[in-house]
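Q: okay, here's the prediction I keep looking at, along with the sequence it came from:
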Amino acid sequence: MSTELVILLDRSASMCGREASCAREMEQILEQQKKRPGPCWVTTLLVDTECRVLHDRLPIETVRVPERLLCAAGGASSLRDALSKGIGHIERIHRYLRKEDIPERVSFQILSDGIDNTSRTDKAALDRRMAEKREIGWEFRMLCPEWEKTDDLEETAVPDWDMLDGEGLNRRIEQTLREIRGGE
């Protein structure tokens, strides 16, 4: 089964201290995918206040995890914007491929703490878009890498920040699917 693998890698300041963990998670994602049958194309997006493309639809055999995943000092996170950009990028690519060349599986792996404090993408619109994609088999998986050190870290609650986590993301997508279907 051919796969389109999109990795969103959060480099914002809130991810500082998790760089090695992110690199290990990304390595695990790639290793697990290499064990699956069929070809795989990898797109990696680096996310902070902007979204940059690190790998653009490269064969998985050629993708290397960056040795140093540097966080953007003081950088904010535009996670929803990056996710929307990633979905649009893959949609555009698939639009121009022959039907038989479109991968059977599309998987978004999001490596982030879930904090989104600069996105302009509408939450509800993105939820609907993701729900529609999930309906046709696309996967969205949120992974939160562990902190590398805990000695000086404090738990802070910032109520005006948007938080995404794996369960919350899945609940929102499922709720949006129910709303699209008319409250089933």
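A: That came through fine.
Q: quick one: low-confidence parts of this structure?
A: 70-74, 145-177, 180, 183-184 (pLDDT under 70).
Q: residue closest to the middle of it?
A: residue 110 (2.7 Å; CA atoms, centre = their mean).
Q: who does the spatially closest residue to residue 54 that is not a sequence neighbour bridge with?
A: Setting aside the residues directly before and after it, residue 54 is nearest to residue 44 in space (CB to CB, 6 or more residues apart in numbering), at 4.2 Å. The C-beta positions use only the backbone N, C-alpha and C, and glycine is treated the same way. When assigned by DSSP bridges, residue 44 has beta-bridge partners residue 7, residue 55.
Q: just confirm residue 44 contacts residue 51, I think it does.
A: No. The criterion here is CB atoms under 8 Å, and residue 44 misses it with residue 51 at 10.9 Å.
Q: so those two - more neighbours on which side?
A: residue 44 (23 against 18; other CB atoms under 10 Å).
Q: what residues are up against the more buried one?
A: 6-7, 9, 26, 53-55, 63 (CB atoms under 8 Å, 6 or more residues apart in numbering).
Q: got a markdown table for these, with distance to residue 179 and neighbour count too?
A: Formatted as a markdown table, the contacts of residue 44 follow (distance: CB to CB, whole Å; neighbours: other CB atoms under 10 Å):
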| residue | distance to residue 179 | neighbour count |
| --- | --- | --- |
| 6 | 25 | 25 |
| 7 | 29 | 26 |
| 9 | 31 | 25 |
| 26 | 33 | 23 |
| 53 | 32 | 13 |
| 54 | 35 | 16 |
| 55 | 35 | 20 |
| 63 | 37 | 20 |
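Q: how about those, which pair is most distant?
A: Every pair in those was compared (CB to CB); the two farthest apart turn out to be 26 and 53, at 15.0 Å.
Q: just how off-centre is stretch 112-120 within its chain?
A: Averaged C-alpha coordinates place stretch 112-120 at 11 Å from its chain's average position (CA atoms, centre = their mean, to the nearest Å).
Q: go on, stretch 61-68?
A: 17 Å.
Q: now the strands for the chain?
A: For the chain, the strands defined by DSSP state E cover 3-10, 40-47, 51-59, 105-111, 115-116, 139-143, 162-163.
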